[in-house]
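**Student:** next input, structure requested:
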Amino acid sequence: MSVRDQRPRLVLASASPRRRELLERVGIAPAEIKPAHIDESHQEGERPRDLVLRLALAKLARAAEPGAFVLAADTVVACGRRILPKAETAAAARRCLDLLSGRRHAVQTGVAVAAPDGRVARKVVLTAVTFKRLSEAEVSAYVASGEWQGKAGGYAIQGRAEAFVRRLNGSHSNVVGLPLAATVTMLEGLGYPVWRPP
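**Tutor:** Coordinates of the predicted model:
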């Protein structure tokens with residue numbers, strides 16, 4: 001019997017392969033991937049931390065499943081209170097990189113977990129990231145790589161953009177898309193047996 005078979009059912013309310021891969025690093029294999037398609041636009045005047053928590057809870061509610069643990073998350077990149085988009089075009093990616101060049105920014109992830117008995121845990125994790133000053137050649141080469149597609153803030157720290165990071169304060173996995181230490185603690189707190197042996 002596998003570890004997955006011995007554990008309670010866990011549903012991941014995300015289509016992100018990065019979140020699934022991060023969970024698998026610590027031995028957690030969701031029984032189901034159930035993307036929660038919601039409107040992710042932010043409201044006027046909404047702070048980044050309020051946005052990610054609201055969206056994580058909305059995804060959690062959308063993916064709710066009786067008798068299962070459900071995990072949802074949402075990540076944004078922000079410079080001050082300015083929330084950067086998920087880059088969908090090369091022009092958007094370039095605008096993000098130009099803004100982040102030589103500056104400190106915050107990556108915030110809202111994580112929400114529901115237990116089968118209806119209890120819900122929620123948390124926002126912040127990681128401060130400082131980019132070196134980027135040259136035109138670096139920006140052009142990164143944009144040409146296409147690695148930025150669909151990524152918050154127009155970059156993927158688990159790829160070529162890691163070479164842009166001069167300083168990082170906080171959880172590295174948070175910048176990838178899911179703060180592992182916080183997520184594991186939340187799951188354990190609600191009774192999910194993260195460390196159950198095979």
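
**Student:** correct me, but residue 22 touches residue 173?
**Tutor:** Yes: between residue 22 and residue 173 there is a contact at 5.5 Å, judged by Cβ atoms under 8 Å. The C-beta positions use only the backbone N, C-alpha and C, and glycine is treated the same way.

**Student:** quick one: common contacting residues for the two?
**Tutor:** residue 180 (Cβ atoms under 8 Å, 6 or more residues apart in numbering).

**Student:** report the residue spans of this protein with pLDDT below the cut-off.
**Tutor:** When residues are selected by pLDDT under 70, those of the chain lie in 1-5, 197-198.

**Student:** cutoff 80 now
**Tutor:** Along the chain, segments meeting pLDDT under 80 span 1-6, 39-43, 81, 196-198.

**Student:** please enumerate the helices of it.
**Tutor:** 3-6, 17-25, 48-62, 90-100, 136-145, 172-176, 180-189 (DSSP state H).

**Student:** just want the angle from the last one to helix 17-25.
**Tutor:** Right, the one you point to is helix 180-189. 60 degrees (axes from the mean of the first three to the mean of the last three Cα atoms, to 10 degrees).

**Student:** which helices and strands does helix 180-189 pack with?
**Tutor:** helix 17-25, strand 69-79, strand 104-114, strand 120-131, helix 172-176 (3 or more Cβ pairs under 8 Å, 6 or more residues apart in numbering; DSSP states H and E).

**Student:** check which residues of it are buried.
**Tutor:** Neighbour-count burial for helix 180-189, with 16 or more other Cβ atoms under 10 Å as criterion, is recorded at 180, 182-187.

**Student:** how far does stretch 122-132 sit from the chain's center?
**Tutor:** Using Cα atoms, centre = their mean, to the nearest Å, the distance from the centre of stretch 122-132 to the centre of the chain it belongs to is 11 Å.

**Student:** next one: stretch 170-183
**Tutor:** With Cα atoms, centre = their mean, you get 7 Å for stretch 170-183.

**Student:** kindly check the end-to-end length of it for me.
**Tutor:** Stretch 170-183 has an end-to-end distance of 14 Å (Cα to Cα, to the nearest Å).
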